[in-house]
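can't give you the sequence, but here's the structure:
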């Protein structure tokens, strides 16, 4: 007698879309056990993490501010993942977008009569696209794994950031701290709602969701991405270029990641610092799978993961929990998502050995 994992003949559409909700419930149950082991009241800890941040105007508005970069990045990653192009280096592309955008802001530092942040938008997109183009070239030219190359470039981007903030872009009035100058009002994203930090980037994230939905559902490009991911041989037979889809996926993913970096540095952060690599690029991978690689699902997934960030910060203050509690919850959620996906695609069966087999 042995256990075997056998492919299912047909996937359940119900569980394909219900499994993220199941994964969230399992994550909450596991988190409650962890809180109990840490000597905390599980119900109180869950309330502090997942409900309290939504009960105030500031907390509710911060939810959208946190979700915006996650949604931008995850929409770009989702389109690539659908075509089996695994861009794992969105964090580096996010950092490079912030670097390019900050370069524009510092170049026009003395300009106050023109909204410099408008010029920072294409700069951020180009920065992310440039960093995404490197693994795309290595993949299409040398068949190098985009997983490894994009991931390793993340650390190169972080080192480039560190060089700039301790070197040529260091704030001369920053008392020796490794950071750039604070961006001027002309280089800062306008706030949409007075009394909150909701800025233009939040609106842009919603627009990107709409564009992503249209491309995926109503365009030939979306059809190509689906076919390339689900039936590569059929895509090749139909004449869909794998190299073109690889380039497109990496450039779109990199561009949206760079745009997210631009809005972060022109919005909540306000300057370039070594703390800019916040892990959004990696968290966005969870957001993409939680949203079932669909832009509308990504919007809801981004809100859930943004809430985990806010709740983790609140739990540190109110309950004295370690900072790692946020990453632990996100890791558990990813584990349950992948486990659900496995059981949707395969079933576990008990197989008896054939007679006479040794």
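On my side now, so go ahead. Because the structure is a prediction, the values reported are computed rather than measured.

going forward, measure contacts between C-alpha atoms and count neighbours the same way
Noted.

how many other residues sit next to residue 218?
11 (other CA atoms under 10 Å).

do the same with residue 193
Here the number of neighbours of residue 193 (other CA under 10 Å) works out to 11.

confidence score at the nearest residue to it once chain neighbours are set aside?
The shortest distance from residue 193 to any non-neighbouring residue, by CA to CA, 6 or more residues apart in numbering, is to residue 199 (7.6 Å). Looking at residue 199, its pLDDT is 94.

count residues in the vicinity of residue 199, would you?
The burial count for residue 199: 23, using other CA under 10 Å.

check contacts around it.
65, 189-193, 267 (CA atoms under 8 Å, 6 or more residues apart in numbering).

partners of it in the sheet?
residue 191 (DSSP bridges).

separation between it and residue 40?
36 Å (CA to CA, to the nearest Å).

dump the residue contacts of the one residue sitting closest to the centre of the chain.
The centroid of the chain falls nearest to residue 284 when counting by CA atoms, centre = their mean (1.8 Å). By CA under 8 Å, 6+ apart, residue 284 lies in contact with 70-71, 73-74, 77, 302.

where does this structure have low pLDDT?
Residues of the chain that meet the criterion pLDDT under 70 lie in 353-358.

which element is residue 316 on?
Residue 316 is part of helix 295-319 when elements are defined by DSSP states H and E.

near the residue lying closest to residue 109 once chain neighbours are set aside, how many residues? Count them for me, please.
Nearest residue to residue 109, sequence neighbours excluded (CA to CA, 6+ apart): residue 184, at 6.9 Å. A total of 20 residues lie near residue 184 under the criterion other CA under 10 Å.

which parts of this protein are strands?
Per DSSP state E, the chain carries strands over the ranges 2-7, 346-351.

the last one to strand 2-7, inter-axis angle?
Compare the direction of strand 346-351 with that of strand 2-7 by axes from the mean of the first three to the mean of the last three CA atoms, to 10 degrees and you get 150 degrees.

in strand 346-351, what's buried?
residue 346 (16 or more other CA atoms under 10 Å).

tell me what it is packed against?
strand 2-7 (3 or more CA pairs under 8 Å, 6 or more residues apart in numbering; DSSP states H and E).

mind listing what residue 35 touches?
41-42, 45.

got a winner among these for most neighbours?
residue 45 (22 neighbours).

how near is it to residue 289?
From residue 45 to residue 289 the distance is 26 Å (CA to CA).
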